[in-house]
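**Q** Everything below, folded, please.
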Amino acid sequence: MDLDIYQVDSFTSEAFKGNPAGVCITNNGLIDSLMLSIAEEMAVPEMAFLSLSDMTLKWFTPKAEVKQ
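**A** Below is the predicted model:
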């Protein structure tokens with residue numbers, strides 16, 4: 001499986017400042033267990049997953065889903 005995953009610096013306009021966050025944008029949604037595994041691997045405070053097919057946005061920490 002090929003996924004594009006980005007690490008961004010949030011809450012800042014300067015590189016290497018702010019809070020690191022992961023972002024994964026897919027055409028179709030991923031299953032929760034896969035999103036959690038990716039968040040664990042990325043090891044940033046929060047990881048965002050955007051599904052373009054239904055515009056669903058989910059957030060995960062390395063330990064659990066962040067319920068909105």
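**Q** rest of the way, CA atoms for contacts and neighbours
**A** OK.
**Q** where exactly do the helices run in the protein?
**A** 32-42 (DSSP state H).
**Q** pLDDT value on the most far-flung residue of the chain relative to its centre, please?
**A** Here the chain reaches farthest from its C-alpha mean at Glu14, the gap being 20.4 Å by C-alpha atoms, centre = their mean. Note on Glu14: pLDDT of 92.
**Q** do you know how far it is from Pro45?
**A** 19 Å (C-alpha to C-alpha, to the nearest Å).
**Q** burial of Thr61, as a residue count?
**A** Close neighbours of Thr61, defined as other C-alpha atoms under 10 Å, add up to 22.
**Q** What sits closest to it if chain neighbours are left out?
**A** Glu46 (4.6 Å; C-alpha to C-alpha, 6 or more residues apart in numbering).
**Q** what sits against that neighbour?
**A** Going by C-alpha atoms under 8 Å, 6 or more residues apart in numbering, Glu46 touches 20-22, 39, 59-62.
**Q** now the strand ranked longest in the chain: mean pLDDT?
**A** Ranked by residue count and defined by DSSP state E, the top strand of the chain is strand 19-26. For strand 19-26, the mean pLDDT works out to 96.
**Q** how big is the angle separating that strand from helix 32-42?
**A** Counting by axes from the mean of the first three to the mean of the last three C-alpha atoms, to 10 degrees, strand 19-26 lies at 140 degrees to helix 32-42.
**Q** now for strand 19-26, which elements pack on it?
**A** Judged by 3 or more C-alpha pairs under 8 Å, 6 or more residues apart in numbering; DSSP states H and E, strand 19-26 is in contact with strand 5-10, strand 46-51.
**Q** now that strand: how far from the chain's centre is it?
**A** Relative to its parent chain, strand 19-26 has a centroid offset of 4 Å by C-alpha atoms, centre = their mean, to the nearest Å.
**Q** Likewise for stretch 36-50?
**A** On C-alpha atoms, centre = their mean, the centre of stretch 36-50 falls 5 Å from the chain's centre.
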